[in-house]
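Enquirer: need a 3D model of the sequence below.
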Amino acid sequence: MKTIENREPWEARAMGGKVPESFLLARPAALLRVEGAAMLAGSVLLYWLHGGSWWMFVLLLLTPDASMLGYLAGPRVGAAAYNAFHAYPLPAAVGIVGLLAGSPLAVGVALVWFAHIGMDRAIGYGLKYPSAFGDTHMGRV
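Expert: Numbers count the residues shown, from 1 in each chain. Predicted coordinates for the structure are as follows:
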């Protein structure tokens, strides 16, 4: 017989019970936080192994948050700008181009960018919906 921990979340609800909070895989927002912490730790480790400047790391770490200025044009533009700079495709492209072009600066920028996204996810900030700044894919902030 399945225990509640081995059931799908909808099965647990159907049983009138909740999936225990200790069951991380049944809690997507918590899992995304762990994923973010892993991205942050991995990016910092790779940056260190890459030999990047820690002054550059500190100066660039919060740079993606400048995308919040898009909210001055309204929530739809703000969400699009924020999401463009807080999703993985752009830093991945910068990192790939940096690796192919032999540019340690571009690789370092990409790693700091990944670290920023990981840091945001680890503390609970997610990609934004156009309804309001606090509406994210990880829940309400």
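
Enquirer: what residues sit buried inside stretch 28-48?
Expert: Of all the residues in stretch 28-48, those buried under the rule 16 or more other C-beta atoms under 10 Å are 32-33, 36, 39-40, 43-44, 46-47. For every residue, glycine as well, the C-beta is placed using N, CA and C.

Enquirer: quick check, Gly52 in a strand?
Expert: No: per DSSP: H, G, I helix; E, B strand; the rest coil, Gly52 lies outside any strand segment and is coil.

Enquirer: what's the burial count for it?
Expert: Look at Gly52: counted by other C-beta atoms under 10 Å, it has 20 neighbours.

Enquirer: once you drop chain neighbours, what's closest to it?
Expert: Closest residue in space to Gly52, ignoring its immediate chain neighbours: Gly108 at 4.1 Å, by C-beta to C-beta, 6 or more residues apart in numbering.

Enquirer: quick check, that neighbour in contact with Leu59.
Expert: No: in this structure, Gly108 is not within contact of Leu59 by C-beta atoms under 8 Å, at 11.3 Å.

Enquirer: of these two, which one has the most company?
Expert: Comparing Gly108 with Leu59 by neighbour count (other C-beta under 10 Å), the higher total belongs to Gly108, at 22 against 11.

Enquirer: enumerate every residue touching the more buried one.
Expert: By C-beta atoms under 8 Å, 6 or more residues apart in numbering, Gly108 lies in contact with 47, 50, 52-53, 56-57, 98.
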